[in-house]
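Q: build the 3D model from these lines:
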Amino acid sequence: MTAADQTWKASGMLDGRVALVTGGRGGAGRAICERFVAEGAEVYAADLTGEGSIGSVGAPGTFLRLDVTSEDEVRSAMATVEAAHGKLDILVNAAGIEMELTIEETSLEQWNRIMAINVTGTFLPSKYALPLLRRSSHASIINFGSYDGFIADPKLAAYCATKGAVHALTKAMACDHGPEGIRVNAICPGYIDTPMLEQFLPEGVDSAAGRAEAEYVHPLRTIGTPTDMANLVNWLASDEARYATGQLWVLDGGLSAQIQQMRFP
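A: Okay, the predicted model is just below:
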């Protein structure tokens, strides 16, 4: 979904804010960058590539190459923001990967890789953003958790472990840095219409049939979009959410509110 397809009207609620979004060229990250730009923020889309999963034409924000697992690159990225603005108002840790494996099928190399990207990739940007966030009167960190940090999907053992870690880290950061005026929250999406959802469908399942089944298991009978995620992130980044911190905001169309539903022929 592009900026032209949005159902919201920009209100300028982030005018003058400086934001950095890791994974900013991915499906969800790109939507967040689009929303932040529309709301008046100066946005850095930090990612490994400027192309992204949905192209680079009209890509929102300033591209900043960043490997979130590299301490040197994270330091350099924050130095770039500091040199240009002297502060950071919003950090969104959206970079992440998924692996569909049981622990028996997961190699140590794979385990270390997903932990490095999903967990260390949340830790490092947050750690080195803190000095810049302390200079803001509107400091907000939004991490990417998942409903898989609460309940588990089959064959997502390492992914579930990383999201549980992000949830706990979010609460710890909120407690440690709340007295400094820094709010920390996590959004916990369910099924979202991104390339990662296509990867999650079983091999051999038609994409249309798989999507229909994914929609069926949700009480709302639909799956989420990157724009849905961007809407929640935008609110958490704004002053409207000034009293919201240390929370795990589930955005899953009601999926985790019910037991699995049986389908009879």
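Q: for the rest of this, base every contact and every neighbour count on C-alpha atoms.
A: OK.
Q: and the residue nearest to Ala116 when sequence neighbours are not counted, how many neighbours?
A: Excluding its sequence neighbours, the residue lying closest to Ala116 (Cα to Cα, 6 or more residues apart in numbering) is Thr69, at 5.8 Å. Counted by other Cα atoms under 10 Å, the residues lying close to Thr69 total 20.
Q: for Lys9, same thing?
A: 9.
Q: how far out from the middle of the chain is stretch 153-162?
A: 17 Å (Cα atoms, centre = their mean, to the nearest Å).
Q: please write out the alpha-carbon positions of that stretch in PDB.
A: Extracted in PDB, the C-alpha atoms of stretch 153-162 (Å, rounded to 0.1, in the frame of the first residue of the first chain):
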ATOM      1  CA  ASP A 153       3.300 -21.100  15.900                       C
ATOM      2  CA  PRO A 154       4.700 -24.500  14.900                       C
ATOM      3  CA  LYS A 155       8.200 -24.600  13.600                       C
ATOM      4  CA  LEU A 156       9.100 -21.000  14.600                       C
ATOM      5  CA  ALA A 157      11.000 -21.900  17.800                       C
ATOM      6  CA  ALA A 158      13.900 -19.500  17.400                       C
ATOM      7  CA  TYR A 159      11.700 -16.700  16.100                       C
ATOM      8  CA  CYS A 160       9.400 -17.100  19.100                       C
ATOM      9  CA  ALA A 161      12.400 -17.000  21.400                       C
ATOM     10  CA  THR A 162      13.600 -13.700  19.900                       C
END
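Q: in that stretch, what's buried?
A: 155-162 (16 or more other Cα atoms under 10 Å).
Q: cool, stretch 127-145 as well?
A: So for stretch 127-145, counting by 16+ other Cα under 10 Å, buried means 128-130, 132-134, 136, 138-145.
Q: what residue spans form the domains of the protein?
A: Here the domain assignment for the chain is 12-189+225-250, 194-223, based on automatic domain parsing.
Q: winner for burial among those?
A: Per-stretch averages of neighbours, counted by mean count of other Cα atoms under 10 Å, single out domain 12-189+225-250 among the domains of the chain, with a mean of 20.
Q: pLDDT of that one, averaged?
A: Taken as a whole, domain 12-189+225-250 has an average pLDDT of 95.
Q: what is the helix or strand hosting Ala19 packed up against?
A: Counting by DSSP states H and E, the element that carries Ala19 is strand 18-22. Applying 3 or more Cα pairs under 8 Å, 6 or more residues apart in numbering; DSSP states H and E, one finds that strand 18-22 contacts helix 27-38, strand 42-47, strand 90-93.
Q: 10 Å instead?
A: Applying 3 or more Cα pairs under 10 Å, 6 or more residues apart in numbering; DSSP states H and E, one finds that strand 18-22 contacts helix 27-38, strand 42-47, strand 62-65, helix 71-85, strand 90-93, helix 121-133, strand 140-144.
Q: the last one pairs with which strands, and in what direction?
A: Taking DSSP bridges as the criterion, strand 140-144 forms sheet pairs with strand 90-93 (parallel), strand 183-189 (parallel).
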